[in-house]
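> I'd like to go over a predicted model; first the sequence, then the structure.
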Amino acid sequence: MKIGILQTGHAPDVVLDELGDYDAMFARLIDGHGFDFQTWNVVDDDFPGAVDAADGWLVTGSKHGAYENHPWIPPLEEFIRAVYADGRPMVGVCFGHQIIAQALGGTVVKFPGGWSVGRTDYKIGGESLPLNAWHQDQVVALPDGAQVVGQSDFCENAALLYDNRIWTIQPHPEFPARVIEQLITHRGRGVVPDAQLEAAQQRLPETTANQAIADHMAAFFKRET
């Protein structure tokens with residue numbers, strides 16, 4: 001099965017050099033499930049020719065906001081709507097979670113309550129799952145037909161399901177602790193409150209449920225959910 005990765009941003013250089021770009025992180029995350037991958041850098045205006053260029057689609061995270069005025073965002077939203085209409089599976093993570101909601105009629109804002117950073121407990125599918133977060137933006141109004149299937153104390157709409165055709169999640173199952181550590185050092189200072197960064201730093205050694213989410217994503221692509 002071929003998974004098309006729609007890359008909506010690039011990892012910071014300090015992460016890129018050590019762990020590769022976001023598409024490489026996702027390929028490692030769901031490795032072992034029989035997938036082939038092809039990346040389109042939509043952030044650089046590189047788009048697939050049609051929705052049938054892959055059997056399933058994955059929309060990555062990004063430093064950009066879904067509500068920002070970038071020339072690649074409207075065609076990405078159009079492509080998302082086309083995939084939804086076609087019915088082949090799509091997964092979105094962080095920015096991907098947000099842009100899919102926006103493309104289908106939801107609302108994304110810079111959340112006035114601040115940031116979620118580092119290891120955070122989420123309730124997903126009846127389980128309590130710790131996952132790494134790095135976001136301020138949130139989906140605050142749902143599109144028609146979207147079902148909330150995951151949330152945290154900070155993020156009410158942390159995972160969404162659309163008619164079993166699209167599944168999206170706000171935190172980053174593709175991020176190991178090392179990515180959060182680098183983001184704290186190189187992107188967080190002066191942006192995220194120091195106390196919050198320190199708390200995230202202290203939780204870096206604790207385990208996350210990345211593999212559980214990876215297995216769910218793989219099953220979703222294969223229509224096993």
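Perfect, thanks for sending it. Residues are numbered from 1 along each chain as shown.

> switch to C-alpha atoms for all contacts and neighbour counts from now on
OK.

> Confirm for me that residue 89 is in contact with residue 162.
No - the criterion here is C-alpha atoms under 8 Å, and residue 89 misses it with residue 162 at 10.1 Å.

> These two - which one has more neighbours?
A side-by-side neighbour count of residue 89 and residue 162, using other C-alpha atoms under 10 Å, places residue 89 first with 22 against 18.

> Now do the end-to-end distance for stretch 147-157.
End-to-end span of stretch 147-157 (C-alpha to C-alpha, to the nearest Å): 9 Å.

> Sorry, slip of the keys, the one I care about is stretch 4-24.
12 Å.

> Buried by neighbour count: which residues of that stretch qualify?
Residues of stretch 4-24 classed as buried: 4-12, 15, 19, 21-23 (neighbour count, 16 or more other C-alpha atoms under 10 Å).

> What is the nearest of those to residue 36?
residue 4 (8.6 Å; C-alpha to C-alpha).

> which other helices and strands contact the helix or strand hosting that closest one?
Assessed by DSSP states H and E, residue 4 sits inside strand 2-6. Applying 3 or more C-alpha pairs under 8 Å, 6 or more residues apart in numbering; DSSP states H and E, we find strand 2-6 packed against strand 36-40, strand 56-59.

> where's residue 74, which helix or strand?
helix 73-86.

> Toward the C-terminus from that helix, list the very next helix or strand.
Criterion used, DSSP H and E; the element after helix 73-86 is strand 90-93.

> Packing partners of that next one?
Using 3+ C-alpha pairs under 8 Å, 6+ apart, strand 90-93 is in contact with strand 56-59, helix 95-103, strand 166-169.

> Mind putting these into a markdown table with distance to residue 77?
Converted to a markdown table, the helices and strands packed on strand 90-93 look like this (distance: least, C-alpha to C-alpha, whole Å):
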| stretch | distance to residue 77 |
| --- | --- |
| strand 56-59 | 11 |
| helix 95-103 | 5 |
| strand 166-169 | 14 |
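
> returning to that earlier point: mind listing what's buried in the helix holding residue 74?
Going by neighbour count (16+ other C-alpha under 10 Å), the buried part of helix 73-86 is 73, 76-77, 79-80, 83-84.

> Now, the buried residues of stretch 4-24 that are in helices?
15, 19, 22-23 (DSSP state H).

> Nearest to residue 194 among those?
Using C-alpha to C-alpha, residue 15 comes nearest to residue 194 of these, at 21.0 Å.
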